[in-house]
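*Asks:* Here's my sequence, what's the structure:
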Amino acid sequence: MIRRPLHERLADRAAEGRPLRVVLVGAGTFGAMLLSQLRRLEGIELCGVADRSLERARDSLAIASWPADIPVTADATTLIDTAGADVVVEATGSPTVGIEHAVAAIDRGSNVVMVSVEADVLAGPVLSRRARSAGIVYSLAYGDQPALVCELVEWAQACGLDVVCAGKGTKYLPAYHLSTPDTVWEHYGLSPDEASVRGFNARMFNSFVDGTKSSIETAAVANATGLRPQPDGLGFPPCAADRLAAVCIPAEDGGTLAGAGTVEVVSSLERDGTPVQGDDLRWGVYVTFEAPTDYVAGCFTAYGLATGAGGRFASLYRPYHLIGLETSVSVLRVGLDQEPTGTPRAFVGDVTATAKRDLVPGDVLDGEGGSTVWGRLAPTAASLADGALPIGLADGIRLIRPVAAGRPVRWADVEQPQPSLALDLRRELERDSSLLIPVSG
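*Replies:* Presented below is the predicted three-dimensional model:
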């Protein structure tokens with residue numbers, strides 16, 4: 001049987017009186033973008049929107065031209081439990097709350113599209129396993145960079161190409177690791193007042209600047225694809241799109257990587273702050289791959305690919321991602337085909353809380369995008385051996401030992417965190433050897 005396009009099959013469900021029922025949790029910018037596109041798809045029934053700000057939820061619905069009678073609530077768990085949704089989209093951005101909502105959806109039998117990659121990196125392999133055991137799907141969100149990277153990796157592997165590296169681009173300089181919510185707007189050319197008027201969240205934007213978001217997103221890619229973090233985490237090498245096949249290859253072949261089969265984020269800036277020469281990949285994603293034979297290497301050249309190391313390496317990239325405008329692809333793929341657009345399979349990469357300044361006992365950590373710590377990508381084996389505190393649990397927790405700037409914060413350095421579902425699942429993930437992949441180097 002020929003499988004017809006997703007939007008046609010969705011329309012068939014509408015004609016049959018079986019619309020795809022969707023719940024959205026989190027109605028910020030990402031959620032508003034998704035709502036705008038779901039509104040255009042015949043066969044989607046929006047069962048409700050949950051957000052801690054009812055005004056924000058109603059505003060996002062109005063922007064997307066949904067009817068005023070769509071249910072809006074601050075009680076996401078009750079909405080998930082009562083709506084009978086086929087798909088729950090979790091877009092709060094909170095690692096702990098995101099895990100609670102995912103578990104509620106899985107327990108209710110609803111598929112999950114996890115936009116909150118912070119939650120996925122904190123305990124995603126456990127959530128994915130729970131969903132499989134329940135006969136449903138837990139998926140990364142298409143349009144967000146991790147799912148798009150996973151798609152490129154799958155493409156290369158399905159072509160019989162050897163994946164060398166995969167990742168994304170960003171704007172990066174080493175000093176950005178010290179950025180705080182008080183200094184972040186200078187990196188965006190905004191004043192604090194301008195940012196406030198536009199409703200921008202300083203901690204969220206700071207997470208993109210200080211390297212935390214890049215670490216989180218590449219950890220999600222590692223856990224979904226099996227590609228490994230490098231021993232020292234992300235190097236952020238300056239690189240234009242046409243140089244990927246020369247830069248994102250092993251150092252022994254003239255590149256910057258510790259080895260093949262890794263994740264990396266490239267910077268749109270040279271270390272002196274000037275833009276890289278050529279088209280940058282600040283908003284994009286990529287995969288680099290190696291020709292398995294001389295014949296294939298010759299094909300790379302014959303078809304115009306930019307290559308590195310004498311023609312053996314090449315790349316494919318996508319210069320942009322449209323975040324929530326594309327996430328309906330996940331909703332339909334999960335809801336109609338029971339297929340994820342990327343899902344964690346093992347605990348390969350972790351993101352550890354790293355001190356931005358000298359921290360002293362009594363300091364209270366303020367988590368992702370805050371002023372005390374940033375999230376550094378690490379191989380899971382190294383993170384666990386070091387007893388490192390994950391960035392997803394580093395918010396509102398008090399230090400009992402000093403931590404020098406640039407050093408990881410360890411579980412032994414902080415007070416025992418308050419009991420929570422997120423903590424329980426994280427501990428389950430750390431204990432489960434079946435979800436660990438040994439990382440060499």
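*Asks:* Name the single longest helix found in this structure.
*Replies:* In the chain, assigned by DSSP state H, the helix with the most residues is helix 117-133.
*Asks:* Which strands or helices does that helix pack on?
*Replies:* Counting contacts by 3 or more Cβ pairs under 8 Å, 6 or more residues apart in numbering; DSSP states H and E, helix 117-133 is packed against helix 95-108, strand 111-114, strand 138-140, helix 212-225, strand 349-355, helix 421-431. For the C-beta atoms, the positions are set from N, CA and C on the backbone; glycine is no exception.
*Asks:* Who are the packing partners of the fifth one?
*Replies:* When you say that, I think you mean strand 349-355. For strand 349-355, the packing partners by 3+ Cβ pairs under 8 Å, 6+ apart come out as helix 117-133, helix 212-225, strand 373-379, helix 380-386.
*Asks:* Name the next helix or strand following it along the chain.
*Replies:* Tracing the chain C-terminally past strand 349-355 and defining elements by DSSP states H and E, one meets strand 364-366 next.
*Asks:* Quickly run through the sheet partners of that next one, with directions.
*Replies:* strand 395-398 (antiparallel) (DSSP bridges).
*Asks:* distance between the strand it pairs with and the chain's centre?
*Replies:* With Cα atoms, centre = their mean, to the nearest Å as the basis, strand 395-398 stands 23 Å off its chain's centre.
*Asks:* Alpha carbons of that strand, as PDB, please.
*Replies:* Taking Å, rounded to 0.1, in the frame of the first residue of the first chain, the C-alpha atoms of strand 395-398 are listed here in PDB:
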ATOM      1  CA  ASP A 395      18.200  25.600  40.200                       C
ATOM      2  CA  GLY A 396      17.400  26.700  43.800                       C
ATOM      3  CA  ILE A 397      19.900  24.400  45.400                       C
ATOM      4  CA  ARG A 398      22.300  25.600  48.000                       C
END
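*Asks:* Can you list the neighbours in contact with that strand?
*Replies:* If you take Cβ atoms under 8 Å, 6 or more residues apart in numbering as the criterion, strand 395-398 is touched by Gly362, Asp363, Val364, Leu365, Asp366, Gly367, Glu368, Gly370, Leu389, Val414, Glu415, Pro417.
*Asks:* Now the buried members of these.
*Replies:* Using 16 or more other Cβ atoms under 10 Å as the burial test, these include Asp363, Leu365, Asp366, Gly367, Glu368, Gly370, Leu389, Val414, Pro417 as buried.
*Asks:* ok, of those, which one's closest to Asp337?
*Replies:* Closest approach to Asp337 among those (Cβ to Cβ): Glu368, at 32.6 Å.
*Asks:* will you turn the contacts of strand 395-398 into JSON lines that also has distance to Pro237 and pLDDT?
*Replies:* Output for the contacts of strand 395-398, formatted as JSON lines (distance: Cβ to Cβ, whole Å; pLDDT from 0 to 100):
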{"residue": "Gly362", "distance to Pro237": "38", "pLDDT": "98"}
{"residue": "Asp363", "distance to Pro237": "33", "pLDDT": "98"}
{"residue": "Val364", "distance to Pro237": "35", "pLDDT": "98"}
{"residue": "Leu365", "distance to Pro237": "29", "pLDDT": "98"}
{"residue": "Asp366", "distance to Pro237": "29", "pLDDT": "97"}
{"residue": "Gly367", "distance to Pro237": "28", "pLDDT": "96"}
{"residue": "Glu368", "distance to Pro237": "24", "pLDDT": "97"}
{"residue": "Gly370", "distance to Pro237": "27", "pLDDT": "97"}
{"residue": "Leu389", "distance to Pro237": "28", "pLDDT": "98"}
{"residue": "Val414", "distance to Pro237": "33", "pLDDT": "98"}
{"residue": "Glu415", "distance to Pro237": "38", "pLDDT": "97"}
{"residue": "Pro417", "distance to Pro237": "36", "pLDDT": "92"}
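*Asks:* List the buried residues for the host helix or strand of Ala314?
*Replies:* Per DSSP H and E: Ala314 is located in strand 313-318. Using 16+ other Cβ under 10 Å as the test for burial, strand 313-318 gives Phe313, Ala314, Ser315, Leu316, Tyr317, Arg318.
*Asks:* tell me which of those is nearest to Ala131?
*Replies:* Nearest to Ala131, judged by Cβ to Cβ, of the buried residues of strand 313-318 is Arg318 at 27.3 Å.
*Asks:* coming back round to it: what's the most buried one of the helices and strands packed on helix 117-133?
*Replies:* When these are scored by mean count of other Cβ atoms under 10 Å, the highest mean neighbour count falls to strand 111-114 (a mean of 31).
*Asks:* wouldn't Lys356 be in contact with Tyr176 here?
*Replies:* No - contact criterion Cβ atoms under 8 Å: Lys356 and Tyr176 do not qualify, at 10.7 Å.
*Asks:* neighbour-wise, which of those two wins?
*Replies:* The neighbour comparison of Lys356 against Tyr176 (other Cβ atoms under 10 Å) goes to Tyr176, with 21 against 18.
*Asks:* what's the pLDDT at that one?
*Replies:* On pLDDT, Tyr176 comes in at 96.
*Asks:* could you dump the helix or strand of the chain with the lowest mean pLDDT to CSV, C-alpha only?
*Replies:* Within the chain, no helix or strand scores below helix 192-197, which has a mean of 84 by mean pLDDT, DSSP states H and E. Provided in CSV are the C-alpha atoms of helix 192-197 (Å, rounded to 0.1, in the frame of the first residue of the first chain):
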residue,chain,number,x,y,z
PRO,A,192,17.1,45.9,29.3
ASP,A,193,14.1,48.2,28.8
GLU,A,194,13.7,47.2,25.1
ALA,A,195,13.9,43.5,26.1
SER,A,196,11.3,44.0,28.8
VAL,A,197,8.8,45.8,26.5
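*Asks:* Any buried residues in that helix, and which?
*Replies:* Of the residues in helix 192-197, those buried (16+ other Cβ under 10 Å) are Ala195.
*Asks:* just to revisit the earlier point, touching both of Lys356 and Tyr176, which residues are there?
*Replies:* Asp210.
*Asks:* how far out from the middle of the chain is the least confident helix or strand of the chain?
*Replies:* Helix 192-197 has its C-alpha centroid displaced from the chain centroid by 26 Å (Cα atoms, centre = their mean).
*Asks:* Kindly report the same for stretch 60-71.
*Replies:* Centre-to-centre, stretch 60-71 and its host chain are 27 Å apart (Cα atoms, centre = their mean).
*Asks:* now swap in stretch 379-389 and tell me
*Replies:* Going by Cα atoms, centre = their mean, the spacing between the C-alpha centre of stretch 379-389 and its chain's C-alpha centre is 20 Å.
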